[in-house]
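Peer 1: have a look at this prediction, sequence included:
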Amino acid sequence: MSELYIRVAEDESEEPMEIPSEDDGTVLLSTVAAQFPGACGLRYRNPESQCMRGVRLVEGVLHAPESDWGNLVYVVNYPKDNKRKMEEMDAASAVKIKRGSQKTSDLIVLGLPWKTSEQDLKDYFATFGEVIMVQVKRDAKTGNSKGFGFVRFTEYETQTKVVSQRHMIDGRWCDCKLPNSKAGPDEPMRSRKIFVGRCTEDMTTDELRQFFMQYGEVTDVFIPKPFRAFSFVTFADDQVAQALCGEDLIIKGVSVHISNAEPKHNNSRQMMERGRFGAAVQQLFSNFPGGSASWAAMFDRSQYQFPSSHV
(Lines give C-alpha, C1' and ligand atoms only; values in the text may rest on other atoms or scores of the structure.)
Protein backbone atom coordinates (compact mmCIF):
# COMPACT_ATOMS: atom_id res chain seq x y z
CA MET A 1 0.00 0.00 0.00
CA SER A 2 1.41 3.39 -0.96
CA GLU A 3 2.13 6.01 1.70
CA LEU A 4 -0.76 8.28 2.55
CA TYR A 5 -1.44 11.04 5.05
CA ILE A 6 -4.20 11.17 7.61
CA ARG A 7 -5.63 14.36 9.06
CA VAL A 8 -5.08 14.76 12.81
CA ALA A 9 -6.09 17.64 15.12
CA GLU A 10 -5.85 18.29 18.84
CA ASP A 11 -9.52 19.30 18.85
CA GLU A 12 -12.34 18.96 16.34
CA SER A 13 -12.63 22.72 16.04
CA GLU A 14 -8.94 23.21 15.20
CA GLU A 15 -7.23 23.04 11.83
CA PRO A 16 -5.91 19.48 11.25
CA MET A 17 -2.33 18.48 10.45
CA GLU A 18 -1.45 15.77 7.95
CA ILE A 19 0.57 12.90 9.44
CA PRO A 20 2.22 10.20 7.27
CA SER A 21 1.25 6.55 7.52
CA GLU A 22 3.54 3.53 7.16
CA ASP A 23 3.83 1.38 4.02
CA ASP A 24 1.25 -1.06 5.35
CA GLY A 25 -1.29 1.73 5.97
CA THR A 26 -0.85 1.86 9.74
CA VAL A 27 0.22 4.92 11.72
CA LEU A 28 2.79 4.78 14.48
CA LEU A 29 1.79 6.33 17.79
CA SER A 30 5.31 7.76 17.99
CA THR A 31 4.64 9.66 14.73
CA VAL A 32 1.52 11.21 16.25
CA ALA A 33 3.33 11.98 19.53
CA ALA A 34 6.12 13.72 17.62
CA GLN A 35 3.59 16.40 16.57
CA PHE A 36 1.33 16.16 19.64
CA PRO A 37 3.52 15.44 22.70
CA GLY A 38 1.81 13.23 25.27
CA ALA A 39 -0.65 11.69 22.77
CA CYS A 40 -1.78 8.17 23.70
CA GLY A 41 -4.21 7.42 20.85
CA LEU A 42 -6.69 8.72 18.28
CA ARG A 43 -10.46 8.93 18.03
CA TYR A 44 -12.92 10.04 15.36
CA ARG A 45 -16.59 10.86 14.97
CA ASN A 46 -18.63 8.17 13.22
CA PRO A 47 -20.45 9.82 10.28
CA GLU A 48 -23.53 7.65 10.78
CA SER A 49 -24.03 7.62 14.56
CA GLN A 50 -22.18 10.88 15.25
CA CYS A 51 -20.59 9.16 18.24
CA MET A 52 -16.89 9.30 18.93
CA ARG A 53 -15.01 6.06 18.21
CA GLY A 54 -11.53 5.03 19.24
CA VAL A 55 -8.85 3.90 16.80
CA ARG A 56 -7.41 0.45 17.48
CA LEU A 57 -3.93 0.62 19.04
CA VAL A 58 -1.73 -2.50 19.18
CA GLU A 59 1.81 -2.31 20.55
CA GLY A 60 2.27 1.30 19.53
CA VAL A 61 0.68 0.89 16.11
CA LEU A 62 -2.62 2.55 15.13
CA HIS A 63 -4.79 0.60 12.69
CA ALA A 64 -7.21 2.25 10.27
CA PRO A 65 -10.90 1.67 10.99
CA GLU A 66 -12.25 -0.89 8.50
CA SER A 67 -8.84 -0.83 6.74
CA ASP A 68 -9.39 2.71 5.43
CA TRP A 69 -8.51 6.04 7.06
CA GLY A 70 -10.78 7.91 4.64
CA ASN A 71 -11.14 11.71 4.77
CA LEU A 72 -12.06 11.86 8.42
CA VAL A 73 -10.36 14.17 10.93
CA TYR A 74 -8.85 12.19 13.80
CA VAL A 75 -8.65 13.78 17.22
CA VAL A 76 -5.74 13.20 19.60
CA ASN A 77 -6.31 11.39 22.89
CA TYR A 78 -4.38 12.39 26.00
CA PRO A 79 -4.27 10.62 29.36
CA LYS A 80 -6.53 12.60 31.70
CA ASP A 81 -3.88 12.95 34.40
CA ASN A 82 -1.22 14.00 31.90
CA LYS A 83 -3.52 16.58 30.33
CA ARG A 84 -4.36 18.07 33.71
CA LYS A 85 -0.68 18.12 34.61
CA MET A 86 0.17 19.87 31.33
CA GLU A 87 -2.51 22.48 31.97
CA GLU A 88 -1.17 23.05 35.48
CA MET A 89 2.37 23.37 34.11
CA ASP A 90 1.18 25.91 31.55
CA ALA A 91 -0.57 27.91 34.26
CA ALA A 92 2.50 27.74 36.50
CA SER A 93 4.70 28.89 33.62
CA ALA A 94 2.38 31.82 32.95
CA VAL A 95 2.56 32.86 36.62
CA LYS A 96 6.32 32.46 36.63
CA ILE A 97 6.66 34.62 33.52
CA LYS A 98 4.38 37.25 35.04
CA ARG A 99 6.33 37.29 38.29
CA GLY A 100 9.62 37.30 36.45
CA SER A 101 8.64 40.54 34.75
CA GLN A 102 8.22 42.26 38.12
CA LYS A 103 11.39 43.81 39.44
CA THR A 104 12.34 44.11 43.09
CA SER A 105 12.71 47.49 44.81
CA ASP A 106 14.62 48.87 47.76
CA LEU A 107 12.56 48.34 50.91
CA ILE A 108 12.80 50.74 53.82
CA VAL A 109 13.18 49.07 57.22
CA LEU A 110 11.65 51.24 59.96
CA GLY A 111 12.25 51.04 63.70
CA LEU A 112 15.73 49.50 63.69
CA PRO A 113 17.46 49.25 67.08
CA TRP A 114 20.42 51.60 67.35
CA LYS A 115 22.82 48.65 67.77
CA THR A 116 21.77 46.83 64.58
CA SER A 117 24.60 46.63 62.04
CA GLU A 118 24.40 45.99 58.32
CA GLN A 119 25.68 42.44 58.87
CA ASP A 120 22.92 41.85 61.45
CA LEU A 121 20.37 43.13 58.95
CA LYS A 122 21.73 40.93 56.17
CA ASP A 123 21.83 37.83 58.39
CA TYR A 124 18.21 38.36 59.39
CA PHE A 125 16.78 38.93 55.93
CA ALA A 126 18.89 36.19 54.33
CA THR A 127 16.53 33.72 56.02
CA PHE A 128 13.80 34.87 53.59
CA GLY A 129 15.84 34.73 50.37
CA GLU A 130 18.90 36.03 48.55
CA VAL A 131 19.77 39.59 49.59
CA ILE A 132 21.28 41.95 47.02
CA MET A 133 21.88 44.96 49.27
CA VAL A 134 21.50 46.13 52.87
CA GLN A 135 22.19 49.57 54.31
CA VAL A 136 21.80 51.13 57.74
CA LYS A 137 21.42 54.91 57.50
CA ARG A 138 23.84 56.71 59.80
CA ASP A 139 24.49 60.28 60.86
CA ALA A 140 27.29 61.76 58.79
CA LYS A 141 28.94 63.42 61.81
CA THR A 142 28.54 60.89 64.62
CA GLY A 143 28.25 57.67 62.64
CA ASN A 144 25.32 56.61 64.81
CA SER A 145 22.37 54.77 63.31
CA LYS A 146 19.33 56.88 62.40
CA GLY A 147 16.99 54.03 63.28
CA PHE A 148 16.17 52.88 59.76
CA GLY A 149 17.77 51.25 56.76
CA PHE A 150 17.20 49.61 53.38
CA VAL A 151 17.20 46.07 52.00
CA ARG A 152 16.76 44.64 48.51
CA PHE A 153 16.12 41.04 47.43
CA THR A 154 16.80 39.10 44.24
CA GLU A 155 13.31 37.59 43.94
CA TYR A 156 10.05 39.52 43.79
CA GLU A 157 8.27 36.71 45.69
CA THR A 158 10.68 37.21 48.60
CA GLN A 159 10.02 40.95 48.62
CA THR A 160 6.26 40.37 48.71
CA LYS A 161 6.60 37.97 51.62
CA VAL A 162 8.82 40.33 53.62
CA VAL A 163 6.52 43.33 53.14
CA SER A 164 3.46 41.33 54.26
CA GLN A 165 4.68 40.83 57.84
CA ARG A 166 6.37 42.54 60.78
CA HIS A 167 9.91 41.61 61.81
CA MET A 168 11.55 41.15 65.21
CA ILE A 169 15.11 42.41 64.75
CA ASP A 170 17.44 42.54 67.74
CA GLY A 171 14.50 42.51 70.14
CA ARG A 172 12.39 45.20 68.46
CA TRP A 173 9.47 45.01 66.06
CA CYS A 174 10.34 46.56 62.69
CA ASP A 175 8.33 47.24 59.53
CA CYS A 176 9.42 46.83 55.91
CA LYS A 177 7.73 48.97 53.28
CA LEU A 178 8.07 50.27 49.77
CA PRO A 179 9.18 53.89 50.26
CA ASN A 180 7.41 56.52 48.18
CA SER A 181 9.45 57.97 45.37
CA LYS A 182 11.40 61.08 46.20
CA ALA A 183 9.98 64.49 45.43
CA GLY A 184 10.46 65.84 41.93
CA PRO A 185 11.50 69.37 40.99
CA ASP A 186 7.88 70.56 41.31
CA GLU A 187 7.72 69.31 44.92
CA PRO A 188 10.95 70.36 46.62
CA MET A 189 9.36 70.28 50.09
CA ARG A 190 7.32 67.09 49.93
CA SER A 191 8.13 65.75 52.80
CA ARG A 192 9.81 65.15 55.94
CA LYS A 193 6.81 66.42 57.92
CA ILE A 194 3.79 64.30 58.89
CA PHE A 195 0.38 65.21 60.29
CA VAL A 196 -0.58 63.25 63.42
CA GLY A 197 -4.36 63.27 63.84
CA ARG A 198 -6.56 62.24 66.81
CA CYS A 199 -4.00 63.31 69.42
CA THR A 200 -5.11 63.72 73.04
CA GLU A 201 -4.35 66.72 75.20
CA ASP A 202 -2.11 64.76 77.58
CA MET A 203 0.43 63.98 74.81
CA THR A 204 3.54 66.14 75.13
CA THR A 205 6.13 67.08 72.52
CA ASP A 206 8.76 65.01 74.36
CA GLU A 207 6.52 61.95 74.37
CA LEU A 208 5.78 62.30 70.67
CA ARG A 209 9.46 62.80 69.89
CA GLN A 210 10.41 59.73 71.90
CA PHE A 211 7.75 57.62 70.18
CA PHE A 212 8.61 58.61 66.60
CA MET A 213 12.38 58.32 67.14
CA GLN A 214 11.97 54.54 66.82
CA TYR A 215 11.31 55.09 63.10
CA GLY A 216 14.08 57.59 62.40
CA GLU A 217 15.74 60.82 63.47
CA VAL A 218 13.16 63.43 64.52
CA THR A 219 14.11 67.08 63.98
CA ASP A 220 10.96 68.81 65.22
CA VAL A 221 7.64 68.23 67.01
CA PHE A 222 4.92 70.85 67.02
CA ILE A 223 1.63 70.84 68.96
CA PRO A 224 -0.59 73.87 68.15
CA LYS A 225 -1.86 76.05 70.98
CA PRO A 226 -4.66 76.27 71.83
CA PHE A 227 -4.89 72.48 71.55
CA ARG A 228 -6.61 71.25 68.36
CA ALA A 229 -6.24 67.44 68.66
CA PHE A 230 -3.40 67.16 66.13
CA SER A 231 0.33 67.73 65.87
CA PHE A 232 3.17 67.79 63.35
CA VAL A 233 6.34 65.69 63.43
CA THR A 234 9.32 66.35 61.15
CA PHE A 235 11.93 63.72 60.33
CA ALA A 236 15.47 64.15 59.05
CA ASP A 237 14.69 61.86 56.10
CA ASP A 238 11.66 62.31 53.84
CA GLN A 239 11.45 58.57 53.05
CA VAL A 240 10.74 57.77 56.69
CA ALA A 241 7.96 60.35 56.77
CA GLN A 242 6.38 59.13 53.54
CA ALA A 243 6.58 55.48 54.61
CA LEU A 244 4.54 56.26 57.75
CA CYS A 245 1.74 58.09 55.90
CA GLY A 246 -1.56 56.24 55.98
CA GLU A 247 -0.67 54.30 59.13
CA ASP A 248 -2.66 54.07 62.36
CA LEU A 249 -0.30 53.99 65.35
CA ILE A 250 -0.93 53.53 69.06
CA ILE A 251 0.48 56.27 71.31
CA LYS A 252 -0.29 56.14 75.04
CA GLY A 253 -3.14 53.72 74.32
CA VAL A 254 -4.71 56.04 71.72
CA SER A 255 -4.97 55.29 67.98
CA VAL A 256 -3.57 58.20 65.97
CA HIS A 257 -3.62 58.50 62.19
CA ILE A 258 -0.63 59.61 60.14
CA SER A 259 -1.02 61.54 56.91
CA ASN A 260 0.84 64.01 54.74
CA ALA A 261 1.31 67.50 56.10
CA GLU A 262 0.23 69.58 53.12
CA PRO A 263 2.81 72.20 52.09
CA LYS A 264 1.61 75.76 52.59
CA HIS A 265 2.15 76.68 48.96
CA ASN A 266 -0.50 74.13 47.95
CA ASN A 267 -3.12 76.02 49.93
CA SER A 268 -2.05 79.59 49.20
CA ARG A 269 -4.78 80.13 46.62
CA GLN A 270 -7.43 78.77 49.02
CA MET A 271 -6.18 81.01 51.81
CA MET A 272 -6.24 84.03 49.50
CA GLU A 273 -9.82 83.29 48.47
CA ARG A 274 -10.83 82.82 52.11
CA GLY A 275 -9.19 86.11 52.99
CA ARG A 276 -11.20 87.97 50.37
CA PHE A 277 -14.41 86.23 51.38
CA GLY A 278 -13.71 86.86 55.06
CA ALA A 279 -13.25 90.59 54.41
CA ALA A 280 -16.60 90.68 52.62
CA VAL A 281 -18.26 88.88 55.54
CA GLN A 282 -16.71 91.29 58.02
CA GLN A 283 -18.08 94.23 56.03
CA LEU A 284 -21.49 92.56 55.96
CA PHE A 285 -21.64 91.94 59.70
CA SER A 286 -20.44 95.48 60.53
CA ASN A 287 -24.02 96.64 59.97
CA PHE A 288 -25.31 94.39 62.79
CA PRO A 289 -25.42 95.34 66.48
CA GLY A 290 -22.51 94.00 68.50
CA GLY A 291 -19.86 94.90 65.93
CA SER A 292 -18.21 92.91 63.21
CA ALA A 293 -15.27 91.38 65.08
CA SER A 294 -17.02 88.58 66.99
CA TRP A 295 -19.27 87.53 64.10
CA ALA A 296 -16.51 87.61 61.52
CA ALA A 297 -14.10 85.73 63.78
CA MET A 298 -16.70 83.03 64.40
CA PHE A 299 -17.30 82.65 60.68
CA ASP A 300 -13.60 82.54 59.91
CA ARG A 301 -13.01 79.71 62.41
CA SER A 302 -15.82 77.73 60.84
CA GLN A 303 -13.92 77.75 57.54
CA TYR A 304 -10.85 76.07 58.99
CA GLN A 305 -10.40 72.67 57.39
CA PHE A 306 -8.54 69.82 59.03
CA PRO A 307 -6.92 67.03 56.99
CA SER A 308 -9.37 64.17 56.43
CA SER A 309 -7.40 61.97 58.84
CA HIS A 310 -8.36 64.26 61.74
CA VAL A 311 -12.09 63.85 61.26
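Peer 2: On my side now, so go ahead. Residues are numbered from 1 along each chain as shown.

Peer 1: any idea how far Cys40 is from the closest residue to Glu10 other than its chain neighbours?
Peer 2: Leaving aside its sequence neighbours, Glu10 sits nearest to Val76 (CB to CB, 6 or more residues apart in numbering; 5.3 Å). Quick note: C-beta positions are derived from backbone N, CA and C, even for glycine. Separation of Val76 from Cys40 (CB to CB, to the nearest Å) stands at 9 Å.

Peer 1: out of these two, which sits in the busier spot?
Peer 2: Shown here are Val76 and Cys40; by other CB atoms under 10 Å, Val76 has more neighbours (20 against 15).

Peer 1: element containing the residue nearest to Glu10, please.
Peer 2: strand 73-77 (DSSP states H and E).

Peer 1: partners of that strand in the sheet?
Peer 2: Sheet pairing of strand 73-77 (DSSP bridges) gives strand 5-9 (parallel), strand 41-45 (antiparallel).

Peer 1: which residues does it contact?
Peer 2: Here strand 73-77 makes contact (CB atoms under 8 Å, 6 or more residues apart in numbering) with 6-12, 16, 32, 36, 39-44, 52, 54-55.

Peer 1: now it: mean pLDDT?
Peer 2: What strand 73-77 shows for mean pLDDT is 93.

Peer 1: again, but for stretch 197-207
Peer 2: 95.

Peer 1: and that stretch, how far out from the chain's middle?
Peer 2: Mean-position distance between stretch 197-207 and its chain equals 33 Å (CA atoms, centre = their mean, to the nearest Å).

Peer 1: where does the residue sitting nearest the centre point of the chain sit: helix, strand or coil?
Peer 2: The centre of the chain sits closest to Thr160, judged by CA atoms, centre = their mean, with a distance of 7.4 Å. With DSSP: H, G, I helix; E, B strand; the rest coil as the basis, Thr160 sits in helix.
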